[in-house]
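Trainee: sequence-free structure coming up:
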Ligand code: FAD
């Protein structure tokens with residue numbers, strides 16, 4: 001198992017934080033921070049990593065004012081700190097203002113989307129939300145100048161360049177250029193709005209955005225660039241004679257880490273189910289995913305109770321693990337409280353194990369869910385396998401409600417699954433068609449067909465493991481009887497699929513070989 005890294009300290013422009021550094025970095029810092037708390041197994045986080053890297057590279061020169069960072073909550077050593085910061089879903093984006101004295105969990109990023117440009121613009125808004133007293137000292141004023149201020153700038157002789165970006169209200173170009181030039185000396189960049197047409201005319205500015213430049217010797221005029229874009233203005237100003245990059249005293253970034261992970265590949269049979277996957281998944285669910293919550297109450301607590309009931313009744317685990325689940329279920333059912341600190345649940349799980357030798361693996365070990373890289377497959381794979389197993393194992397005690405197991409899984413995913421988008425997609429699918437399930441067999445097939453819908457949606461995504469392509473499952477080699485050709489088209493024989501699922505996810509197909 002072990003940690004996967006989507007970002008590499010020293011290689012990417014992203015500041016890689018961890019349990020040891022996040023507090024010190026963000027507390028009382030002379031710069032603001034934007035931190036992405038992610039999980040390396042979350043497909044959306046994997047898919048988003050190129051954008052985050054590109055953003056960090058794009059605003060590298062803003063680092064004295066605001067920094068782009070990432071912290072992997074899937075790493076064992078970071079779990080406690082992610083709990084402290086109240087991270088329940090991945091990715092979660094948090095802003096931290098400069099010079100915060102007391103501990104803060106940060107402010108959530110709010111934007112219509114997470115496109116690079118949107119995030120960059122909210123970074124600017126965030127910088128402007130600082131009060132005058134706590135603004136990062138390296139951050140130049142970002143508010144527009146009045147025409148009278150511009151005139152006095154033109155008259156003053158500061159011995160350096162003065163650039164003024166004229167733009168319309170709502171344009172971010174001026175502020176971006178101001179921030180781009182932070183590490184450069186011999187130049188001061190400001191911005192002004194285009195509200196006063198007569199004033200623009202006196203300066204000879206025909207259109208906005210435009211950049212007006214006053215040279216150290218007093219000569220002045222419009223900057224001539226091929227396109228009125230941020231990158232054109234910034235690069236023009238950076239290459240003026242005597243404008244040089246100063247060496248800013250930034251804290252050292254941690255050096256490139258040695259990748260100490262050794263992945264041991266375990267041979268396995270794709271036609272089998274491995275106890276190691278199911279138990280590792282349960283371990284992760286109980287000790288890590290749920291443990292991101294400090295306490296549970298109300299609907300969340302009910303969801304956990306119902307989920308544990310289903311798992312305790314149906315999980316075809318080894319006897320000690322089933323015993324543990326039963327105890328947990330009884331304890332949850334008997335508690336008169338309507339709020340439980342999650343630590344109490346962890347204590348129960350861990351103490352019972354110590355006292356009675358009842359054992360649920362306390363680390364992840366993937367077999368059928370191994371990925372060809374550490375961030376691929378793993379936990380979400382094991383969760384699917386657990387869910388299919390539960391729908392197949394559903395026995396007559398859930399007979400009167402054929403949807404009971406599915407509805408419980410649905411609530412678990414929506415309430416607790418750390419991959420928030422996954423939970424939302426799954427909920428949308430459930431709303432669309434879970435109602436049509438009228439028998440236990442239909443419940444098994446519903447989950448199968450929805451899983452295939454997810455597979456086809458994710459085919460070609462960055463989180464797809466090249467060794468385990470997302471294709472309709474079971475493939476013809478696994479189940480020849482499941483496939484037929486109807487009018488020249490590959491089609492499912494659902495009766496055979498059901499037979500196959502019941503065999504594949506049965507206890508007789510479950511192998512103990514690699515269990516902990
Ligand atoms: P998985 O899809 O995890 O499948 C695990 C195993 O299940 C396969 O190896 C195979 O043995 C078996 N299997 C495959 N298909 C079926 C089937 N149709 N029926 C029964 N068994 C099957 N990731 C995203 O990026 N976006 C999402 O919206 C998203 N939604 C998810 C929703 C849920 C409820 C879950 C549990 C996960 C979700 N994921 C999502 C994660 C994603 O589906 C995969 O789990 C992840 O990419 C790992 O893929 P994998 O190759 O291990 O195969």
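Mentor: Right, received. Where do you want to start? Computed from a predicted model, the values in this text were never measured in an experiment. Numbering: from 1, shown residues only.
Trainee: quick one: which helix or strand includes residue 212?
Mentor: strand 210-214 (DSSP states H and E).
Trainee: Other residues contacting that strand?
Mentor: 150, 153-154, 161-167, 177, 203, 205, 220-223, 225, 228, 233, 236-237 (C-beta atoms under 8 Å, 6 or more residues apart in numbering). In short, each C-beta sits where N, CA and C put it, glycine included.
Trainee: With stretch 181-189 instead?
Mentor: 61-62, 64-65, 138-140, 158, 160-165, 174, 177-178, 216, 234, 237-238, 240, 242-246, 248.
Trainee: Let's see that with 7 Å instead.
Mentor: Identification of contacts with stretch 181-189 by C-beta atoms under 7 Å, 6 or more residues apart in numbering yields 61-62, 64-65, 138, 140, 160-163, 165, 177-178, 234, 237-238, 240, 242-246, 248.
Trainee: Just checking the distance from stretch 500-509 to the centre of its chain.
Mentor: 34 Å (C-alpha atoms, centre = their mean, to the nearest Å).
Trainee: and this structure, which residues reach the ligand?
Mentor: 43-44, 369, 377, 380-381, 383-385, 388, 413, 419, 421-422, 425-426, 448, 451-452, 454-455, 458, 461, 463, 465, 468, 473 (C-beta under 6 Å from any ligand atom).
Trainee: helix, strand or coil for the nearest residue in space to residue 79 that is not next to it in sequence?
Mentor: The shortest distance from residue 79 to any non-neighbouring residue, by C-beta to C-beta, 6 or more residues apart in numbering, is to residue 288 (6.0 Å). Using DSSP: H, G, I helix; E, B strand; the rest coil, the structure places residue 288 in helix.
Trainee: Describe which strands the strand holding residue 212 pairs with in its sheet and in which direction.
Mentor: strand 161-167 (antiparallel), strand 220-222 (antiparallel) (DSSP bridges).
Trainee: Please point out which parts of that strand sit buried.
Mentor: 210-214 (16 or more other C-beta atoms under 10 Å).
Trainee: what's the answer for stretch 20-37, then?
Mentor: Buried-residue list, stretch 20-37, by 16+ other C-beta under 10 Å: 21-22, 25-26, 29, 31-37.
Trainee: show me the residues around residue 44 that make contact.
Mentor: Taking C-beta under 7 Å, 6+ apart, we find residue 44 in contact with 91, 419, 421.
Trainee: Tell me which helix or strand the nearest residue in space to the last one that is not next to it in sequence sits in.
Mentor: The one in question is residue 421. Nearest in space to residue 421, with sequence neighbours left out and distances taken as C-beta to C-beta, 6+ apart, is residue 44 at 4.8 Å. Using DSSP H and E, residue 44 sits within helix 43-58.
Trainee: do residue 324 as well
Mentor: Going by DSSP H and E, residue 324 is part of helix 319-334.
Trainee: What lies in contact with that helix?
Mentor: 279, 305, 308-309, 311-312, 315, 348-349, 352, 358-360.
Trainee: Can you report phi and psi for residue 511?
Mentor: For residue 511, the backbone dihedrals are phi -110, psi 130 (criterion: degrees, to the nearest 10).
Trainee: what number of residues lie near it?
Mentor: Neighbourhood size, residue 511 [other C-beta atoms under 10 Å]: 16.
Trainee: quick one on the thing from earlier: from the contacts of stretch 181-189, which land in strands?
Mentor: 161-163, 165, 244-245 (DSSP state E).
Trainee: Sort out which of the residues you listed are buried, if you could.
Mentor: 161-163, 165.
Trainee: pLDDT below threshold where in the chain?
Mentor: 1-4, 247-262, 355-358, 399, 514-516 (pLDDT under 70).
Trainee: Quick check: longest helix in it by residues?
Mentor: Secondary structure of the chain read by DSSP state H shows that its longest helix is helix 440-458.
Trainee: ok, and what's touching that helix?
Mentor: 43, 384, 387-388, 391-392, 394, 402-403, 405-406, 429, 434, 437, 464, 470-473, 494, 497-498, 501.
Trainee: quick one: which of those residues sit in helices?
Mentor: 43, 384, 387-388, 391-392, 405-406, 429, 494, 497-498, 501.
Trainee: Buried subset of these, written for ChimeraX?
Mentor: Burial among the ones in helices among the contacts of helix 440-458 is assessed by 16+ other C-beta under 10 Å; the matching ChimeraX selection reads:
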select :43,384,387,388,391,392,405,406,429,497,498,501
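Trainee: Closest one of the ones in helices among the contacts of helix 440-458 to the ligand?
Mentor: residue 43 (2.5 Å; C-beta to the nearest ligand atom).
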